[in-house]
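coordinates only, no sequence provided:
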Ligand code: BES
Ligand code: MN
Ligand code: ZN
């Protein structure tokens with residue numbers, strides 16, 4: 001999707017955001033009868049009113065009454081998603097948004113929903129043009145957006161598209177090595193540093209968690225380190241992002257069932273996609289923050305040499321783990337990455353992982369389960385970013401009692417915590433490998449959609465990316 005300012009040559013197809021039935025500013029050229037028609041429908045609370053002219057289509061969008069800015073922004077994104085269907089049904093390639101309302105950011109939020117909703121993954125269709133959305137360009141009338149707003153929107157949308165596409169690629173096109181290569185390309189294209197540790201180096205380091213999960217696989221693991229380091233950073237110590245990069249999770253020998261479970265497990269690298277695409281956005285915006293991202297990656301398979309329930313493994317940190325379920329694999333490779341993060345003496349570490357079905361069961365598709373040891377100021381800022389982007393957070397406690405559930409009879413800890421509090425016991429496991437302010441985001445419930453909902457498209461959603469980027473943009477060390 002391309003965003004630009006409208007010019008004389010722009011097509012006449014347009015969206016007008018209007019505020020109030022009586023005082024609304026109508027486009028010049030609307031007949032009295034048409035204006036009367038719009039007023040009548042606004043009064044009937046019709047919020048999107050199409051007007052067909054012989055040579056163009058106008059959509060009048062009346063601004064809803066909302067209790068908060070956050071809700072208003074989200075309502076506009078949803079209107080954008082609604083408009084996306086209508087615009088593509090008419091095969092319009094280009095629309096111009098005019099904001100005549102008093103809410104300055106209305107056009108940007110509407111365009112954001114429109115663009116998020118226009119995403120498609122057609123790579124494997126033999127005739128993609130038959131399915132392809134025609135909409136390619138969203139133009140803004142001069143007063144409806146600023147240049148920096150446009151540039152920022154472009155960056156956000158490109159990052160979301162990139163993350164969704166990484167998730168949508170199946171395992172046979174996106175192994176751990178492919179994922180690392182994709183990050184290398186993103187780094188080259190948008191200007192951040194990328195270093196990849198391959199299997200030999202991972203063995204030399206002794207990343208026992210990542211290597212144990214990889215045992216059943218024919219394909220080698222990777223460990224990717226990305227870095228954005230501007231000349232003048234606000235933070236003296238880096239912020240570290242960690243993303244779970246399980247490119248496919250069969251469950252290993254603790255094999256998953258197929259329907260509504262293994263069948264979507266190409267998405268188990270959603271955390272990795274999210275942090276990689278965030279690095280792309282950070283570099284493009286040249287954020288004045290020193291940020292490092294880590295992605296431990298492998299598939300989890302029941303191969304001949306696969307690790308088995310009962311194995312005791314030694315993690316990168318030296319801690320021993322009794323593996324009682326090979327499907328609790330994410331915490332093993334994340335534990336190694338969290339231990340690696342200590343070398344940076346980080347100011348803050350944020351990990352994103354499709355970690356537990358329990359998180360998905362608890363809050364469903366509408367929010368992220370988070371927990372951690374960061375201070376209240378950081379938590380407040382994260383929560384606010386989540387509300388602004390409508391990628392909301394629910395904080396769970398890391399009470400020490402939950403730690404009892406992962407004590408092992410024969411090793412330091414075990415990788416399962418029993419039937420209750422599954423999202424939290426997974427978090428307690430991760431906490432074991434941290435020694436710095438840290439937050440864990442369990443995105444298992446939100447990262448993959450099997451049906452389109454508003455501006456969320458089928459497949460990878462990139463849910464959480466806009467929250468994270470907003471948080472980093474408003475971060476003051
Ligand atoms: N990748 C899954 C979690 C998941 C579930 C992600 C549903 C997306 C949708 C993770 O590796 C896993 O299998 N977790 C287990 C842990 C259990 C064995 C302790 C789970 O949640 O069932
Ligand atoms: Mn698993
Ligand atoms: Zn997994």
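Cool, the structure landed. This one's a predicted model, so the numbers in the text were calculated from it and none came from an experiment. Ligands and ions are numbered 1, 2, ... in the order given.

near ligand 3, which residues of this structure are found?
246, 249, 268, 330 (Cβ under 5 Å from the ion). For the C-beta atoms, the positions are set from N, CA and C on the backbone; glycine is no exception.

count the residues that sit near whatever residue of the stretch 351-477 of the chain ends up closest to ligand 3.
Residue of the stretch 351-477 of the chain nearest ligand 3, by Cβ to the ion: residue 354 (6.0 Å). Residue 354 sits with 29 neighbouring residues when counted by other Cβ atoms under 10 Å.

try residue 237
14.

over to the one 10 residues further on?
Counted by other Cβ under 10 Å, the residues lying close to residue 247 total 29.

sec struct for it, please.
Of the three states, residue 247 takes strand under DSSP: H, G, I helix; E, B strand; the rest coil.

contact partners for the residue in the stretch 51-200 of the chain that ligand 1 sits nearest to?
The stretch 51-200 of the chain approaches ligand 1 most closely through residue 167 (11.3 Å), counting by Cβ to the nearest ligand atom. Contact analysis of residue 167 by Cβ atoms under 8 Å, 6 or more residues apart in numbering lists 266, 267, 269, 270, 273, 447, 448, 459, 460, 461, 462.

tell me which of these is nearest to residue 208?
Using Cβ to Cβ, residue 269 comes nearest to residue 208 of the contacts of residue 167, at 20.5 Å.

quick one, strands of the stretch 1-150 of the chain?
2-5, 14-18, 48-52, 57-62, 94-99, 137-140 (DSSP state E, counting those that start in this stretch).

what sits up against the fourth one?
Contacts of strand 57-62 from elsewhere in the structure, counted by Cβ under 8 Å, 6+ apart, are 13-19, 21, 24, 26-27, 30, 38, 42, 46-51, 79, 83, 86-87, 90, 92, 110.

returning to what we had before: strands - which of the contacts of residue 167 land there?
448, 459, 460 (DSSP state E).

most neighbours among those, which one?
residue 460 (27 neighbours).

show me what that residue is bridged to.
On the basis of DSSP bridges, residue 460 is bridged to residue 448.

so which of the residues of the chain next to ligand 3 comes closest to residue 123?
residue 268 (19.9 Å).

residue 402 should be in a helix, yeah?
Yes - the assignment for residue 402, made by three-state DSSP, places it in a helix.

give me the neighbour count for the residue nearest to residue 431 when sequence neighbours are not counted.
Nearest residue to residue 431 in three dimensions, chain neighbours excluded: residue 398, at 6.0 Å (Cβ to Cβ, 6 or more residues apart in numbering). Residues lying near residue 398 (other Cβ under 10 Å) number 18.

so who does residue 398 touch?
Taking Cβ under 8 Å, 6+ apart as the test, what residue 398 contacts is 371, 372, 373, 424, 427, 428, 431.

state the mean pLDDT of stretch 75-92.
With pLDDT averaged residue by residue, stretch 75-92 scores 98.

pull the residues that contact it.
11, 13, 15, 17, 47-48, 50, 57, 59, 61, 63-64, 66, 95, 106, 109-118, 133-135, 390, 454-455.

buried only: go through these for me.
Those of the contacts of stretch 75-92 that meet the buried threshold are 11, 13, 15, 17, 47, 57, 59, 61, 63, 95, 106, 109-118, 133, 135, 390, 454-455, by 16 or more other Cβ atoms under 10 Å.

re the thing from before, now the residue of the stretch 51-200 of the chain closest to ligand 1: how far from residue 256?
According to Cβ to Cβ, to the nearest Å, residue 167 stands 18 Å off from residue 256.

contact partners of stretch 34-43?
18, 21, 22, 24, 26, 30, 49, 51, 60, 62.

go again with 7 Å.
For stretch 34-43, the surrounding residues in contact (Cβ atoms under 7 Å, 6 or more residues apart in numbering) are 21, 26, 49, 51, 60, 62.

among those residues, which one has the most neighbours?
If you rank the contacts of stretch 34-43 by neighbour count (other Cβ under 10 Å), residue 60 sits at the top with 27 neighbours.

how far away is that residue from residue 77?
Computed as Cβ to Cβ, the residue 60 to residue 77 distance reads 18 Å.
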